[in-house]
Structure formats: structure tokens, C-alpha cells
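Asks: Need a 3D model of the following:
(chains A and B)
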Amino acid sequence: MLEGILIGLQTALSLQNLLVVIGGCLIGTFIGMLPGLGPMSIIAIMIPVAITMGDPSAALILLAGVYYGAIFGGSTSSILLNAPGVAGTVASSFDGYPMSQQGKAGKALTIAAIASFAGGTIGAILLMVFAPMLSSVALLFHSPEYFALMVVGLSAIAAFAGPGQVTKALLMTVLGLIMATVGEGALFNLPRFTGGIMDLQSGFGFITLAMAMFALPEAIFLVLKPKNLGEDGGEIKDLRITRAEARAIAPVIGRQSIQGFFIGVLPGAGATIASFLGYAVERNIAPKHEQEEFGKGSIKGLAAPETANNAACTGSFVPLLTLGIPGSGTTAILLGALIALNVTPGPRLMVDEPQIFWAVIMSMFIGNLVLLILNLPLIPYIAKLLAIPRNFLIPFILFFTLMGAYIGQNNATELLLLVGFGICGIALKFANYPLPPLLIGFILGGMMEDNFSRSMQLYGGVNFVLERPMTMILLLIAAALIILPVLRTRKARKAAA
Amino acid sequence: MATKRETTMKTMKMGRRALMVTAVATLGLGNAAFADGHQILDEVHFLIPGGAGGGWDGTARGTGEALTESGLVGSASYENMSGGGGGTAIGYMIENAASLENTLMVNSTPIVIRSLTGVFPHNFRDLTLVSGTIGDYAALVVPADSDVSNMEEFLAMYDADPNGTPIGGGSVPGGMDHLVAAMVMEASGRDALGVNYIPYDAGGTAMAALLSGEIKALSTGFSEAVDLANQGEVKIIGVTSEDRVDAAPDAMTMMEQGIDTSFVNWRGFFAAPGLSEEKTAQYQAAIAAMYDTPEWETVRARNGWVNIHNPGDDFLSFLENQEKVIGDLMTKLGFL
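Replies: As a prediction, the model looks like this:
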């Protein structure tokens, strides 16, 4: 492992990659701060840039930097404006915004910065320890296990969907699976569902779909749901925190780093769930008199979600890097980017391309440090960016989206597809359908079919399910993940009735 | 000269990778050459039917680099046109033939395979055949710790349990890796239909499957096999070349193990249909002259390519022969 760390440091500390990680963090912080634009949109927009860099390590470092930068930046608008930039920082506004209303905005931002830094760093240490362990187990996986693992990944979407969203999330997953069937599959060497259109022979472009489902709808939402920004923000005066306050949040940060990390590792769960769970757990275990403060400006209530969401971001890299399974919409986008760069994430990544694997982990430490340094002294100035008018911002987003879809393929058909899917995406978003399940379904669908058809061929039919116990166990887990939320909903409905 | 200086400045400011970005993102500008005055063509525009970074991309850019730096061609530009697994670019060449006399399209064995299956509405006869330039043989490999170390032992294992001896590859059924495996087994006297071919979406996943024991052997490109063998991961049990290849002198050919078959995955260049004979001859002369230049040798060695020069009519007869061999095999396998 030491050797890997050294290789990683060498790659991550090259001048180019240092600039890349700093740039990624800055862009992420800036965009993450803008309400409505989540890490998925900004990563989708940045993918063409990352791909044209040509170097997988640099590309992944850039995208990872953007990812945790966005989570970092999201907390700023949660605290100052009560307008979370990303879903993962919603819980941060529960206590962060009251603090800023009480004139303690500076203190809140400092706590958020320190908690995020600690969460991210401890998460990266855990990633270093657990990823190689998981990776060696994963080498025992054959096609049937991969197929079953994909099924678990898809089922987890149902388990972690929001209340009342289970059916919608499943529908979107199925839509994603259907879209993945267009083009040439692994079973046939003939095009399928292409309608005779040659440009569809290799299937729908992943980048195009990601942009159409995330960047376009959110840009349109910014137009349609205007909200005044930069007016009611609390003034930032004093950034300092006292020693007593530091002592109070230290155990919270310790607990939430670990809890957040493991929630992030679970497929389907991510920063959002980790932050809500972290908030809930800390409130429940706090002493009675402190519990009352939660929601009214408790420093513990701010530190918990801030630590957990950053640790979860790091944790979500575990299944991505070791199994090639995206646990969240964001890592699904990262997976698509890696495949476009000819890197196959999975158990062999650590062996075949250790420099990529370790460089990404090392860049997480550097990125977190960069974010801490950037955020502490510069926060008052960065927060001014919140006042940028929408009419400057939206054309930029549209421009980068269209350009990105075109240069990915150098094919104008992608532009038509982008606009077409974009309109569908906007309609779905208005109807309150969650879009990440669609993308996860799309990405996992192709791989699931490939592994399924290989398993069928290797075992001469579906009896691989019976012959391989590991496959059976994974499929049972998948079944439980689908059935439990349905039962839960039914029970809740009965209780209400 | 201006181009050259500008490129150098960019290199200094932005570093190699950043420079690649500029080249990839727009059109790569070749360096204007003012070398020995044996220039044959002013400019060549390379049309690449796939994205940046693939095999076609490397072939076109490497050839362009050798042609311009040796002074045979004044300047080269590149255009990536993805879509339809290469079909979009072929259609473009045919539809816009009149305005594309400076354009060369790179292609390889799949143009033959995909025309046969009808995935492409066109085939190589619809284009002007300029020249085949390089190639890569195919190879069968087994894990380094396998009991098998040559074709005879592998065939013994196969005969004992054909279905339990799956062979994997990085292409779809009916694709190149499958055809090579089928061709080898057919030539050894087995039934090509009995081969349990397992497709993977890329060489990397196929390799992982080989090492995890899911497949017993892997059908892959020779240069990739040499890289893997040098890393100590695999043993090469048979190569589809006629003679042993310098890059791996210990790797036995199929032929010397009594399996009478050979296969080469060629790469070469096509021009738009109806190109004048004079222009075609100029392209062919430039490519023929290129093989003797040190610039080409640098590019070739860097990429581990094998020179397989097949200009004009030779190219046609080579392609027709390959079309027949592959067509017969695909008919037998039930793909046609």
C-alpha cells in the first residue's frame, strides 16, 4: 500500500494535477453555491472538458474535485440564504441558517468548513483502508455475481427513494433500462431499436443523456422559479470559534465521518441520506437540553450533516473504484466518464492502473486541504458571487451543455438528441419524477445485460443462479431491497387510515 | 514555420497533455515541413470514423505525423467523425465524394465484417482503395499459471469438455476475436460451431475474466498479448502470423503447431469514390515512400505496429480474399 501511496502522491502532486484539483474545487465551490445547480449538473457539464484532457488520472481528479467542491460550496448558500445549492446540504440549513440570522454567520461557515474538511479527510483514510480489501474480494466475482450485483444496485434505488417516490423511482429505473437497449447489445452483433438511424447504432450517448437529464432541466428551473438571492444573507463578521465549541463538535465530527462514509458506500444512498441520518442521529443522542437547540442554531446540528455529507461523497467512491458499480447518480456520471476514457473501473483497476486509483485518493486529501484554505479566509468574498444575476448565468450553462454534447462525439445528431431528451427531462422534473434513477438504470442496464447473457452462455441457461451461492445471496438481498420499502409504505398508509 | 513556432510555444506553456487537448478538440494542425523538397502532396485531411484515442485515431495521426515530418506531405489535418461504429463516416465519404479529394479515411478489418452482416449499407468497393499500411496479428493466450502452454495441450483440454472450455474475447459474437477463435479451431479440425465464445465489452474486462478463471483462453490482438505476457500475466499459446514475430520470438505460430491458419487485422486508407487516378497514385506514392523514412520508423516502433504494405490492386485482392474467408466462416457460424 505504501508503494501505491507514493505513486499516487507523485501523480497527484504533479503541477498539472495540482492545478486541476484546485481548479476543480474552485469551480465546484462556485457552482455548488448557486441554488438549484447540483453536483450532477456541474459534473455533467465538466465531463467533455475532462475527457479532452485525455489523461484518466487528471480527468478523475478534476471531476472528484468538482464533486466535493460542490458539496462544500452548497453549505455556504444553505447557511447564508437558507437556499441549499445541493440536496446534500439541505440538512446544513436547519441550524446553519438560524445561526446566521443570529449574527453568527462567520462562525457557522467556519464550523462548516472544518467539519467538511474533517469528514472528507477521514473518509479518504477509510477509503484507503477499505477499497483494497473490497477489491481483493471482488476478484472472485464472475459474470453471474456481477449480474446479481447490478440487480442489487438497481433495487437499492427503490430502498433509498424518498417517501412516496418509490414507484416513480422504479418507473424511472425501468425507463433507463429500456433506453440502454438501443444500439448493439452484447448478445447480437446487429443494431436493435435504432429505427435504421445509423447514428443510433452505438446507442444513446451517455454524456448527452446526462446533460439532458440534469443540466438542461435545472437551468430551465432557474428561469421558471426565480428567487431573489444575495439580499437577505446574514452578514459575515467573525469567523472564530471558541475552544469550548471545538470540544463540543469534535466527537460529532468523529462519529459522523465514519457513519457518513459507510452510508456513502451503500449503493443508492449518498450524501443527502448521510446528512439527514447524521443530523437525526446526533439529535437523538444529544443530552436533553442540547436537543432543544437543534433547529435553532445548534453547532452540533450544523457539524453533523456537514461532516456526514463529505464523508459520504468519499465513501461513494468505494463501489465505483472497486466494483465499477455507481452507488449514486453522481458516481454514475463519473463511471460514464471513466468508460469514455477507456478506463474500466473494477477489481482490476488497482492492479492494472494503480497510478489512477491512488492518485485519485491522494488528490482527495489535497482537495480537502485546498478547500479548507480557500474557504476559511475567502468565504466573505466568495459569497458575493451569489449576487450574480441569473440572466448571465443561464446562457453560460446552456452554451456549455450544447458544446459539451457536440464535442463528445463530433456529431450534430447528439444536439438533436440533447434537446429532445432535455424536453423530456424538463417534463419529468415538473411531474416530480426523480431523474438519477433513470441514469443509473441506463448505465447499469447495458452491463447487466452483458453479464446476464455471458452467465447464460457459460452455464447453459439460468441455472447459474442455483449453482453459484454468492449470486443467489445477492439476488435475495435485491429482492429484500424492493419488498421492504413497499411493505413500509403499505404499513404507513394503513396507520394513516 | 509560423505553425511550428506556435505549436512549440503552446507546448511550453500548456504541457503535452494540454496540447493534445487543443489538437483533439479542434483540428490537429500538422507541422508545415520544409525538409528535403521531395514533397508529393500539399495537404491531406484525415477522416477518423471513431473518437479520439482509439486505434483508428492513433493510426491516422501517426501516419499523418510521419508523412508531414518527413516532408512527403505539406500539412495534415484530422477530423473525428463518430457514429454507427464507423458507418457515418463511410456514408459521408460517399455522399460528399466530389468535395473530398484531399480526404483520406482510415479503416480496418471491421469494414469487411460489418459490410458482410449488412450493418453498413456500403462496402469497401464503394470507396477508392488507396493502401493497406499496417496490421496486427491475433493470438490466443492463457493465464500465466495455467497447465496449458501450447495449442496441443489446449486442444486436449478442449476435446475433454468443449463447453467447459470457454474462449473469451473483446468483441461481440461474430466480431473479430470470435472469428479468430473459430478460425483456429476450424483449422485444427474441430467444429467452429462448438466453440463456446464468451463476449466481453472491452479487452480489460475480458482479461479480468481470464484471470478469475471464468474463461480458459482469450482471443486478442497480438500486440496486446505481448504487453500482457511481458507483465507476466499470460502465456501466448499461438499467434496467427505465418512466421514468428520479432516482438515475441518465443511465441509459436499456429502454423508451426500444425494449425494451418493465418489472420491479420489490417489498417489502411480509403479515399472518396471516383477519385482521379493521378491523385490516387500520388497518395500511394506518398505512402510507399513513407516506409523508408526514419520518421515512420519512430512512429511505427512507438506503437508496435507491423508494416503490411498493400497498395491499390493488391489491397483489393487482399480484401476480397479476407471477405471470402470471413464470409464463409460467418455463414458456417450462422451469422449470415
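Asks: just checking, A:Val265 touches A:Pro319?
Replies: Yes - counting by CB atoms under 8 Å, A:Val265 does reach A:Pro319; the two are 6.5 Å apart. Quick note: C-beta positions are derived from backbone N, CA and C, even for glycine.
Asks: what's the burial count for residue 283?
Replies: Using chain A. Neighbour count of A:Arg283, defined by other CB atoms under 10 Å in any protein chain shown: 19.
Asks: oops, I was thinking of chain B
Replies: Number of residues near B:Tyr283 (other CB under 10 Å) recorded here: 23.
Asks: so what's it scoring on pLDDT?
Replies: The model reports B:Tyr283 with a pLDDT of 95.
Asks: so is it in a helix, a strand, or just coil?
Replies: helix (DSSP: H, G, I helix; E, B strand; the rest coil).
Asks: contacting residues around it?
Replies: Going by CB atoms under 8 Å, 6 or more residues apart in numbering or on different chains, B:Tyr283 touches B:Leu41, B:Val44, B:Leu104, B:Val130, B:Ser131, B:Phe269, B:Ala271.
Asks: between these, which is nearest A:Ala478?
Replies: B:Phe269 (50.0 Å; CB to CB).
Asks: Which residues does that closest one form beta bridges with?
Replies: B:Val106, B:Ser131 (DSSP bridges).
Asks: Now chain B against chain A: closest residue?
Replies: Residue of chain B nearest chain A, by CB to the nearest CB: B:Gly84 (3.7 Å).
Asks: Buried by neighbour count, from the contacts of B:Tyr283: which ones?
Replies: Neighbour counting with 16 or more other CB atoms under 10 Å in any protein chain shown marks B:Leu41, B:Val44, B:Leu104, B:Val130, B:Ser131, B:Phe269, B:Ala271 as buried within the contacts of B:Tyr283.
Asks: what's the neighbour count on the nearest residue to A:Ala359 once chain neighbours are set aside?
Replies: Spatially, and ignoring its direct neighbours in sequence, A:Ala359 is nearest to A:Thr11 (3.7 Å; CB to CB, 6 or more residues apart in numbering or on different chains). Neighbour count of A:Thr11, defined by other CB under 10 Å: 22.
Asks: circling back to that earlier point, the contacts of B:Tyr283: which two are farthest apart?
Replies: Between any two of the contacts of B:Tyr283, the greatest separation by CB to CB is 13.5 Å, found for B:Leu41 and B:Ser131.
Asks: Packing partners of the helix or strand B:Met185 falls within?
Replies: B:Met185 is part of helix B:176-187, with elements assigned from DSSP states H and E. Counting contacts by 3 or more CB pairs under 8 Å, 6 or more residues apart in numbering or on different chains; DSSP states H and E, helix B:176-187 packs against helix B:110-116, strand B:128-143, strand B:167-169, strand B:197-199, strand B:217-221, helix B:312-333.
Asks: and the second one with helix B:312-333, angle?
Replies: This points to strand B:128-143. Angle between the axes of strand B:128-143 and helix B:312-333 is 50 degrees (criterion: axes from the mean of the first three to the mean of the last three CA atoms, to 10 degrees).
Asks: wouldn't A:Ala50 be in contact with A:Leu62 here?
Replies: Yes - assessed by CB under 8 Å, A:Ala50 is found in contact with A:Leu62 at 5.1 Å.
Asks: Looking at those two, which is more packed in?
Replies: A:Leu62 (28 against 25).
Asks: buried set for whichever helix or strand B:Leu47 is part of?
Replies: If you go by DSSP H and E, B:Leu47 is part of strand B:41-48. Within strand B:41-48, the residues that count as buried by 16+ other CB under 10 Å are B:Leu41, B:Val44, B:His45, B:Phe46, B:Leu47, B:Ile48.
Asks: any idea of the pLDDT on the third one?
Replies: Think B:His45. At B:His45, pLDDT is 95.
Asks: Might you report the residue contacts of it?
Replies: Counted by CB under 8 Å, 6+ apart, B:His45 has contacts B:Ala76, B:Ser77, B:Tyr78, B:Glu79, B:Leu100, B:Asn102, B:Thr103, B:Leu104.
Asks: Dihedrals phi and psi, the spatially closest residue to it that is not a sequence neighbour?
Replies: In this structure, B:His45 finds its nearest non-sequential neighbour in B:Thr103, 4.6 Å apart by CB to CB, 6+ apart. With angles defined as degrees, to the nearest 10, B:Thr103 sits at phi -100, psi 130.
Asks: pLDDT wise, what is B:Thr103 at?
Replies: For B:Thr103, pLDDT reads 95.
Asks: gap between it and B:Leu127?
Replies: Separation of B:Thr103 from B:Leu127 (CB to CB, to the nearest Å): 11 Å.
Asks: and what of A:Ala148?
Replies: Taking CB to CB, one finds A:Ala148 at 46 Å from B:Leu127.
Asks: Give the residue from the two that has the larger number of neighbours.
Replies: Higher neighbour count among A:Ala148 and B:Leu127: A:Ala148, with 27 against 22, using other CB under 10 Å.
Asks: Now do the same for that one: helix, strand or coil?
Replies: helix.
Asks: give me every residue that touches the residue in chain A positioned nearest to chain B.
Replies: Scanning chain A for the residue nearest chain B gives A:Met198, at 3.7 Å (criterion: CB to the nearest CB). Shown in contact with A:Met198 (CB under 8 Å, 6+ apart): B:Gly83, B:Gly84, B:Gly87, B:Thr88, B:Gly91.
Asks: For the residue positioned nearest the centre of chain A, identify the helix or strand it belongs to.
Replies: Computing the C-alpha centroid of chain A and ranking residues by CA atoms, centre = their mean puts A:Thr330 first, at 3.2 Å. Taking DSSP H and E as the criterion, A:Thr330 maps to helix A:329-340.
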